[in-house]
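1. Fold the following and give me the result.
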Amino acid sequence: MNLTPPEHEHSAAITMAAEWLREHPRNRINTPIVPALKATFGLSTAEAIAAIQEANLRGQRAA
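-> Presented below is the predicted three-dimensional model:
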């Protein structure tokens with residue numbers, strides 16, 4: 001499957017947000033996480049949720 005530039009950019013943004021979440025423990029983020037991801041990374045609600053899921057999966061794999 002070839003990704004067009006906008007789709008690739010969104011995938012990269014989701015990955016960046018997931019990496020950011022892995023580096024910043026959620027108990028130290030003093031704001032609701034979905035709005036924070038949307039504002040910080042320009043994600044939609046669905047993309048923010050995908051980033052959270054990706055961060056959770058990476059955390060499970062690392063454990």
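
2. so how many other residues sit close to L43?
-> 20 (other C-beta atoms under 10 Å). All C-beta atoms are positioned from the backbone trio N, CA, C, and that covers glycine.

3. Correct me if wrong: it contacts A51.
-> Yes: the pair L43 / A51 is scored as a contact, 6.6 Å apart, by C-beta atoms under 8 Å.

4. secondary structure class for L43?
-> coil (DSSP: H, G, I helix; E, B strand; the rest coil).

5. How about the contacts made by W20?
-> By C-beta atoms under 8 Å, 6 or more residues apart in numbering, W20 lies in contact with T40, F41.

6. Model confidence for it, exactly?
-> Looking at W20, its pLDDT stands at 95.

7. ok, now L43?
-> L43 is given a pLDDT of 95.

8. Please apply the same query to A62.
-> 68.

9. In the chain, where is pLDDT below threshold?
-> Filtered on pLDDT under 70, the chain yields the residue ranges 1-10, 62-63.

10. So which residue is dead centre in the protein?
-> Note on the chain: the residue nearest the mean C-alpha position is A51, at 2.7 Å, using C-alpha atoms, centre = their mean.

11. list the helices and strands the helix or strand hosting it packs on?
-> Applying DSSP states H and E as the criterion places A51 in helix 45-62. Using 3 or more C-beta pairs under 8 Å, 6 or more residues apart in numbering; DSSP states H and E, the elements in contact with helix 45-62 are helix 5-23, helix 33-41.
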